[in-house]
Structures are given as structure tokens and as C-alpha cells.
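Asker: sequence-free structure coming up:
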């Protein structure tokens with residue numbers, strides 16, 4: 001029986017974790033530390049860390065979400081999951097100063113565009129040359145929604161918070177280019193989501 005019966009839980013994490021994991025196995029193929037930006041409930045952190053023991057997994061989120069993440073971490077008791085840290089992408093310095101890999105799921109569309117810019121800039125600062133930032137979620141392309149459900153989701157987000165919304169891949173590619181990252185791969189995921197893999201380029 002769970003030692004934390006009231007810990008947070010999201011059905012979406014249960015549905016998408018295996019397709020995401022299959023992709024991460026290929027991308028995060030060397031030992032290193034993964035910074036997860038916006039760990040949410042903590043479900044992804046413990047599931048991915050258990051399946052990828054060559055990685056040290058660093059969960060992070062806003063301060064108010066850390067208690068729930070810590071419950072998942074403590075219950076899983078995995079040697080390669082670190083204690084969650086408070087991270088607001090718009091505030092400097094970040095609590096982590098380097099990472100071999102970065103992962104974030106369903107964050108870009110709930111941030112302001114300034115937040116998205118800050119997340120990419122921070123990822124570029126932390127990653128070594130060849131390191132990857134994997135960003136999961138729904139994305140538009142060419143200024144258009146890729147599905148009716150994503151269009152409805154975007155409208156709902158913008159009604160709730162005009163600064164949020166489903167981001168366009170073209171805008172993200174331009175933003176990434178400014179911080180020396182390029183789109184290495186884009187993988188289709190269930191429920192009209194994608195996993196975008198950004199690789200840090202050399203700056204010289």
C-alpha cells in the first residue's frame with residue numbers, strides 16, 4: 001500500500017510515459033544528469049529514473065509543487081533520483097548549474113513567452129556541446145494547429161491566461177537558434193503531442 005495515499009497523480013502521465021520513455025532511451029544514451037524542468041506530480045521522474053539507471057534524475061518545479069514530488073521520490077527510494085529543487089525558469093541563478101540532458105513535459109504552453117525564452121536560454125547555459133533538451137507537448141506548425149483538439153486546447157489556455165498557449169514549432173526553432181541549439185528530431189506522440197529534441201551546438 002502506498003505510504004503517501006494523498007500524493008498527486010495525473011492520468012496523462014500514466015498514458016504518455018511509455019512513448020516518451022521509448023524516445024528518451026535513444027536520446028539520453030550516455031551516463032549523466034538529467035534536469036527535468038517542471039516535474040509536476042513527480043510521476044515521470046521516478047518512472048524514467050527507474051527505467052534509465054545510467055542517469056541521475058534531478059526533478060524541479062515551482063516551490064509549491066515540491067512536496068508532492070518529494071512524496072513520489074521518497075516512496076520510490078531510487079538511488080538515482082535526486083531531491084527536487086525549486087526552479088522558476090525566469091529567476092536567476094538556477095539551482096542547477098550544469099546538466100548533461102534536460103527534459104520538460106507540458107510546460108511551454110502554460111508559460112508566458114518570456115518564460116519559454118528563459119527556459120531555452122537556461123537550457124543552453126547548462127548543456128554541454130552535443131547535449132539535448134527534450135521538450136514534450138502539443139505544438140502548432142506554420143501558424144496553424146496540427147489537430148482540432150490542439151486548436152481547442154489552445155483557445156482554452158488563452159482564455160484562461162492570454163500569455164499562455166500552444167507554441168508554434170517555427171517560433172521555437174528561431175528562438176533555439178538564438179541560443180545555439182538546433183532541432184535534431186521531432187517525434188510524433190499519442191494524442192497529437194510531439195517530442196522535440198534540441199541539441200546544443202558549439203558556439204565557436
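Answerer: Ah, there it is. Keep in mind the model is a prediction, meaning the values are calculated, not measured.

Asker: give me the number of residues near the closest residue to residue 150 other than its chain neighbours?
Answerer: In space, and not counting its chain neighbours, residue 150 is closest to residue 138: 4.6 Å by C-beta to C-beta, 6 or more residues apart in numbering. (C-beta placed from N, C-alpha, C; glycine too.) Neighbours of residue 138 under the rule other C-beta atoms under 10 Å: 23.

Asker: before we move on, what about residue 184?
Answerer: Neighbours of residue 184 (other C-beta under 10 Å): 16.

Asker: mind checking pLDDT for residue 2?
Answerer: In the predicted model, residue 2 carries a pLDDT score of 49.

Asker: Could I get the average pLDDT for the longest helix along the chain?
Answerer: For the chain, the helix with the greatest residue count under DSSP state H is helix 11-27. For helix 11-27, mean pLDDT is 95.

Asker: rewinding a little: contacting residues around the residue nearest to residue 150?
Answerer: 109, 146, 150, 153, 154, 166, 192, 193, 194 (C-beta atoms under 8 Å, 6 or more residues apart in numbering).

Asker: Over to residue 173?
Answerer: Applying C-beta under 8 Å, 6+ apart, the residues near residue 173 are 182, 183.

Asker: In this protein, where is pLDDT below threshold?
Answerer: Flagging of the chain using pLDDT under 70 yields the residue ranges 1-5, 204.

Asker: Do a quick rundown of the helices in it.
Answerer: 11-27, 43-51, 66-76, 113-126, 148-160, 169-178.

Asker: Just the angle for the shortest one relative to helix 11-27, thanks.
Answerer: Just to be clear, that refers to helix 43-51. Put simply, helix 43-51 runs at 40 degrees to helix 11-27, going by axes from the mean of the first three to the mean of the last three C-alpha atoms, to 10 degrees.

Asker: before we move on, what about the last one?
Answerer: Between the axes of helix 169-178 and helix 11-27, defined by the same axes, to 10 degrees, the angle is 50 degrees.

Asker: about what we covered before: give me the contacts around the longest helix of the chain.
Answerer: Helix 11-27 has contacts (C-beta under 8 Å, 6+ apart) with 40-41, 43-44, 47-48, 51-52, 101, 103, 105-106, 132, 134, 136, 185, 187, 189-191, 193, 195, 197.
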